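>>> Model the structure of this input:
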Amino acid sequence: MTAGPHHLAVYNFGIYVDSSESVAVRGFALREPLNFAAAERAPGFIARSGYQGVPGPRSWGQLVFPRFLSQHSRGAGVSQLSLWRDLESLMAFTYTGVHADALKHARHWNVVQEWPPMVLFWVPAGQRPEWKDGAERLEMLVDHGSGPQCFTFKEPYGPDRIPTAVDRSLVKQLAAGNVAAQGGLLDAVLKLPV
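As a prediction, the model looks like this:
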């Protein structure tokens, strides 16, 4: 589904099993830059927020976490905020290649979540959501379920605020392109320790 004058925002949130510098989450830390590089090569990727004080893209506002961090704070919060052309581009990236490898091992680095790992929402093209927007939308998803303001791949909405369907054949096509574009990144990831 092409979004036209809108972009799809995705906010991911998890909590590490230990501090961000610990050996327990080293596998994630080693994969993170490769995930960012893979996203930048993926068709449909628009941009991502950086983190204040960290080299790379500028941060889209002050880093804010949803309430789940204070409720389950055994480790540090980890989040990501990015923009994509459409649902299919994001889904193809999420479930193939470099990012799929990270998902496969996430249980080693993150506590078991009682909330969805991500929330999706539409923004006007050219607008950058802030971290607080992502945290608020994730809480809204947990409190009220999927709707036009916050949704998941399982219950997606279009930018017109109407429930929609993901074009699975387009996802497969984009996924094949992602794997090819990732080249040596996937090979490097598969050699990393968990």
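>>> contacting residues around the nearest residue to Leu170 once chain neighbours are set aside?
Nearest residue to Leu170 in three dimensions, chain neighbours excluded: Glu88, at 4.5 Å (C-beta to C-beta, 6 or more residues apart in numbering). For the C-beta atoms, the positions are set from N, CA and C on the backbone; glycine is no exception. Contact analysis of Glu88 by C-beta atoms under 8 Å, 6 or more residues apart in numbering lists 1, 44, 166-167, 170-171, 174.
>>> Using JSON lines, please lay out those together with distance to Asp187.
Shown next, in JSON lines, are the contacts of Glu88 (distance: C-beta to C-beta, whole Å):
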{"residue": "Met1", "distance to Asp187": "32"}
{"residue": "Gly44", "distance to Asp187": "23"}
{"residue": "Val166", "distance to Asp187": "29"}
{"residue": "Asp167", "distance to Asp187": "29"}
{"residue": "Leu170", "distance to Asp187": "26"}
{"residue": "Val171", "distance to Asp187": "23"}
{"residue": "Leu174", "distance to Asp187": "21"}
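>>> which secondary structure elements does the strand or helix carrying Ala135 contact?
Per DSSP states H and E: Ala135 is located in helix 131-144. The contact analysis (3 or more C-beta pairs under 8 Å, 6 or more residues apart in numbering; DSSP states H and E) places helix 131-144 against strand 6-15, strand 77-84, strand 118-124.
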